[in-house]
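# one predicted model, sequence on top.
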Amino acid sequence: MLFGASGGEDGADGMETDEDDGTDFLLKDSGDDTDLRLARLEALASRRPALLSAVMLRQNPHNVAEWHKRVKLFTGDPTKQILTYTEAVKTVDHDKAVGKPNTLWIAFAKFYEKHGDIANARIIFNKAVQVPFKYVDDLATVWCEWAEMELRHSNFKSALDLMRRATSVPQRPRKLSQQEERQLPVQERLYRSSKLWAFYADLEESLGTLQTACGVYDTMLDLRVATPQIILNYALMLQEAKHWEAAFQVYERGTALFKYPHVADIWAAYLKSFVARYGGSKLERARDLFETALKDCPLEQAKPLYLEYAALEEQHGLARHAMEVYERAIPAVPKDLRLSVVELYVSRATDFFGIAKVREIYESAIESEPPGELPEADIRVLCVRYAQLERKLGEIDRARAIFVHGSHLADPRRDRSYWEAWNDFEVKHGNEDTFREMLRIKRSVAASYAQMHIHSSAQVADVAAGTAAVGADQQQPTDTMAALEAQALADKGTRLPGFVSAGVIQQDQGQAAAAAAGQGQQPAAAAVAANPEEIELGDDDDEADQAAADGTANAADDDASIVQEKAVPAAVFGSLAQQAAGQEEQQVEELLGALERFKKRRVE
């Protein structure tokens, strides 16, 4: 019985235990749920990148790069990736997008292609080409990616059909202006995309015929969407097909479409191909082409054309014409390239004409004047080389004269190589007198450069000091003469170094000195005060000067009281003067006595 009772009690306790499981969990929880909390933490940590991406997209839903990152987070889950791409292409606004929204459509289509679903990839591309993108280049990129997908799966005809469809020119009732055409959607402006046309031309060259490829290139030229590279590709295709004149016509059209500097590559390829094809058989035509190419050519791009022109004359023309081309090339290239042209000119002249022409070239290059002059450094190099050439020929005096001529451009403190070359020359071929003359010229040139440096620095310092003094001491003068007087007063003399000024006496100072003299004061004192640079003399000299000044003043007063007379020329009176002279003689004879008249007649 006890056992039964106890058993009953156990059973009752067991039932109460079963009924209490799960009830009042929060009140009776002992805190032993560590595993559950760790599982929740791990789940949250695994979702952290997706949650952060959602926060970033919530801040800016038009961020294209963030959508690409979100798709990568779901790698291995194609369903979520498709849903993410779908949400992205629906959410991103093309006008507010940060990045290129066309990349989302391309990546979406490539996702289907990667999984072997070409049909859905075409559907995505077909929807993408209807999207109103902001830029024409974005839509052109989508068309090119679609055609490349077809090429990857060997659907060549489909790729060509896509390009023909994309580049079809829309039919319009009238020709629109550029401003009106910019306001049209990108689908209406796609036919002017150079990127799309270049891809189409490549496909026609690879998959089509020569006629279809030429048709594509001609359409590009008519629409004026061709680039210089397109011109080169078109001409090269015709040259490979041995259509030389057609290729040259393409070059002509290219040179008419573009200007320098873009046309430089077209001219270079055109001239090279023409010379290689005809050589000297059409020399006059080749000369006309070179002259046309050089007509508007800038300095930076002229050197290769001149060298090719000279090479043509050397191989197929006249050496005299080649020399003329080299001579024209020297002032037509940048200054830093003229020395190389002169060197080549000298080398070719040596082969064709000899030393007489070489001397003429050196002399003209050394004595060149603006705007075709050479830099001073290059002139010094030419002088040394010219002198070395004359020394090899035994013309020692000519070589020495060349060194003397170029010495005024060589500062001994900077251009030591020039003077070292001259020194070595005098050591080998000179004597004591010529060496001393070289040293004298060297000292003279050094002094001239030093004086130039001193003059320039002194003038800059004087101008700065004079401007500061005038601005600080007095107001700005109102006229030019006042400005010059103020500047002279501020300078206290001349700016020429080595010249000692005797002082500057202004007009008002001279008037003050005169007023002081009228009041009985000594003007010398005022002059001394006005001219601080005057040499002071002794007291004896001052007294002698004062006495001389007083004597001169008294003599001037005495002379002023005497009326001076001046004889009138006899030519003024004419015949009246002769009659008056005769009457005067008669009056004199009447006044004279007999003895005086007798002596006078005797003398006559």
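Nice, thanks for sending it over.
# hmm, who's touching stretch 408-423?
376, 379-380, 383-384, 387, 403, 406-407, 438, 442, 445-446, 448-449 (C-beta atoms under 8 Å, 6 or more residues apart in numbering). Placement of C-beta: from N, CA and C, glycine included.
# could you rerun that using 6 Å?
Outside of stretch 408-423, the residues that reach it under the criterion C-beta atoms under 6 Å, 6 or more residues apart in numbering are 376, 379-380, 384, 403, 442, 446, 449.
# with pLDDT, neighbour count and secondary structure added, can I get those in JSON lines?
Listed next are the contacts of stretch 408-423 as JSON lines, based on pLDDT from 0 to 100; neighbours: other C-beta atoms under 10 Å; DSSP: H, G, I helix; E, B strand; the rest coil:
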{"residue": "Glu376", "pLDDT": "91", "neighbour count": "14", "secondary structure": "helix"}
{"residue": "Ile379", "pLDDT": "93", "neighbour count": "20", "secondary structure": "helix"}
{"residue": "Arg380", "pLDDT": "93", "neighbour count": "20", "secondary structure": "helix"}
{"residue": "Val384", "pLDDT": "93", "neighbour count": "21", "secondary structure": "helix"}
{"residue": "Phe403", "pLDDT": "93", "neighbour count": "23", "secondary structure": "helix"}
{"residue": "Lys442", "pLDDT": "91", "neighbour count": "16", "secondary structure": "helix"}
{"residue": "Ala446", "pLDDT": "90", "neighbour count": "15", "secondary structure": "helix"}
{"residue": "Tyr449", "pLDDT": "86", "neighbour count": "16", "secondary structure": "helix"}
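# got the contact list for Val98?
Applying C-beta under 6 Å, 6+ apart, the residues near Val98 are 62-63.
# quick revisit: mind putting the contacts of stretch 408-423 into TSV with distance to Ala276?
Putting the contacts of stretch 408-423 into TSV (distance: C-beta to C-beta, whole Å) gives the following:
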residue	distance to Ala276
Glu376	41
Ile379	38
Arg380	41
Val384	40
Phe403	46
Lys442	54
Ala446	56
Tyr449	53
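# which helix or strand contains the closest residue to Ala329 other than its chain neighbours?
Counting by C-beta to C-beta, 6 or more residues apart in numbering, Tyr306 is the residue found nearest to Ala329 once chain neighbours are left out, at 3.7 Å. Using DSSP states H and E, Tyr306 falls within helix 302-316.
# and the helix or strand following that helix, what does it pack against?
Moving toward the C-terminus from helix 302-316, the next helix or strand (DSSP H and E) is helix 319-329. Secondary-structure packing of helix 319-329 (3 or more C-beta pairs under 6 Å, 6 or more residues apart in numbering; DSSP states H and E): helix 302-316, helix 335-352.
# output the shortest one as PDB - backbone C-alpha positions only.
Read it as helix 302-316. Taking C-alpha atoms only, helix 302-316 is exported to PDB below (Å, rounded to 0.1, in the frame of the first residue of the first chain):
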ATOM      1  CA  ALA A 302      57.100  69.800 -89.600                       C
ATOM      2  CA  LYS A 303      60.500  68.100 -89.100                       C
ATOM      3  CA  PRO A 304      59.400  64.500 -90.300                       C
ATOM      4  CA  LEU A 305      57.700  65.900 -93.400                       C
ATOM      5  CA  TYR A 306      60.800  68.000 -94.300                       C
ATOM      6  CA  LEU A 307      63.100  65.100 -93.900                       C
ATOM      7  CA  GLU A 308      60.900  62.800 -96.000                       C
ATOM      8  CA  TYR A 309      60.700  65.600 -98.600                       C
ATOM      9  CA  ALA A 310      64.500  65.900 -98.700                       C
ATOM     10  CA  ALA A 311      64.900  62.100 -98.900                       C
ATOM     11  CA  LEU A 312      62.600  62.100-101.900                       C
ATOM     12  CA  GLU A 313      64.600  64.700-103.700                       C
ATOM     13  CA  GLU A 314      67.900  62.900-102.900                       C
ATOM     14  CA  GLN A 315      66.600  59.600-104.200                       C
ATOM     15  CA  HIS A 316      64.400  60.600-107.200                       C
END
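# residues touching it, excluding its own?
Contacts for helix 302-316 (C-beta under 6 Å, 6+ apart): 275, 279-280, 283, 290, 293-294, 321-322, 325-326, 329, 332-333, 337.
# and that helix, what's its mean pLDDT?
For helix 302-316, the mean per-residue pLDDT is 93.
# taking helix 319-329 as reference, get the angle to that helix.
170 degrees (axes from the mean of the first three to the mean of the last three C-alpha atoms, to 10 degrees).
# and helix 302-316, what's buried?
302-303, 305-310, 312-314 (16 or more other C-beta atoms under 10 Å).
# which residues touch the residue nearest to Ala97 when sequence neighbours are not counted?
Excluding its sequence neighbours, the residue lying closest to Ala97 (C-beta to C-beta, 6+ apart) is His62, at 4.8 Å. By C-beta under 6 Å, 6+ apart, the contact set of His62 is 92-93, 96-98.
# closest one of those residues to Thr255?
Checking these against Thr255 by C-beta to C-beta gives Ala97 as the nearest, at 41.1 Å.
# so how far is Val131 from the closest one?
Using C-beta to C-beta, to the nearest Å, we find Ala97 at a distance of 11 Å from Val131.
# more neighbours: which of the two?
Shown here are Ala97 and Val131; by other C-beta atoms under 10 Å, Ala97 has more neighbours (20 against 17).
# which phi and psi does that one have?
Dihedral angles phi and psi of Ala97 (degrees, to the nearest 10) take the values phi -70, psi 140.
# my read is Leu196 is in a strand, agree?
No: with DSSP: H, G, I helix; E, B strand; the rest coil as the criterion, Leu196 is helix rather than part of a strand.
# do you know the pLDDT at it?
If you check Leu196, the pLDDT there is 93.
# chain neighbours aside, what residue packs nearest to it?
Using C-beta to C-beta, 6+ apart, the nearest residue to Leu196 is Ala140, at 4.4 Å.
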